[in-house]
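K.L.:
Sequence and predicted structure are below.
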Amino acid sequence: QVPHAPSQPLAGSESRRFANKHSKKALKASLTLGILLGMFFVAWLPFFVTNVAQAVCGCVPAGFFDVLTWLGYCNSTMNPIIYPLFMRDFKRAMGKFLPCCRRSGEPRPSAISLSMRNSNSGPRAATSLKNVL
């Protein structure tokens, strides 16, 4: 159910549009999560199965074990590629911090503004930090 203010009931078409928009977002998030988890299992499950087999019988060749290890490492390389493809918010956030993805008119965030934003400090801490510097 979609909550709305009782004094301003949503029109039928507005309500459907709102619900449809959120269902599309939920579907896209589910798809992204499914792809990420699927790639994780495809990349790491052979490594873990082989690791257990190696501990039990010692019958896994070292070269094969190395290939499966690097397959898992490749999964970690794929995550930064998958996230921007499927998540617009992630793409925008990365565009703010990576110089290659920033638009020419956007200012570069300073280290102080980033640390203030991440520390949940209020405006008073920002003014006192400026006094310290």
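P.N.:
Yep, that arrived.

K.L.:
average model confidence for the longest helix anywhere in the chain?
P.N.:
Identified as the longest helix of the chain according to DSSP state H is helix 12-57. Per-residue pLDDT over helix 12-57 has a mean of 84.

K.L.:
which strands and helices sit next to it?
P.N.:
helix 62-86 (3 or more Cβ pairs under 8 Å, 6 or more residues apart in numbering; DSSP states H and E). Where you see a C-beta, it was placed from the backbone N, CA and C, and this is true even at glycine.

K.L.:
angle of the helix it packs on against helix 12-57?
P.N.:
Counting by axes from the mean of the first three to the mean of the last three Cα atoms, to 10 degrees, helix 62-86 lies at 170 degrees to helix 12-57.

K.L.:
list the contacts for residue 40?
P.N.:
residue 75 (Cβ atoms under 8 Å, 6 or more residues apart in numbering).

K.L.:
can you tell me how far it sits from residue 28?
P.N.:
Residue 40 is 19 Å from residue 28, where distance means Cβ to Cβ, to the nearest Å.

K.L.:
same check, this time on residue 76
P.N.:
23 Å.

K.L.:
now swap in residue 43 and tell me
P.N.:
Residue 43 sits 23 Å away from residue 28, going by Cβ to Cβ.

K.L.:
next one: residue 50
P.N.:
Residue 50 sits 34 Å away from residue 28, going by Cβ to Cβ.

K.L.:
With neighbour numbers in mind, choose between the two.
P.N.:
Using other Cβ atoms under 10 Å as the criterion, residue 50 and residue 28 rank with residue 50 on top: 18 against 13.
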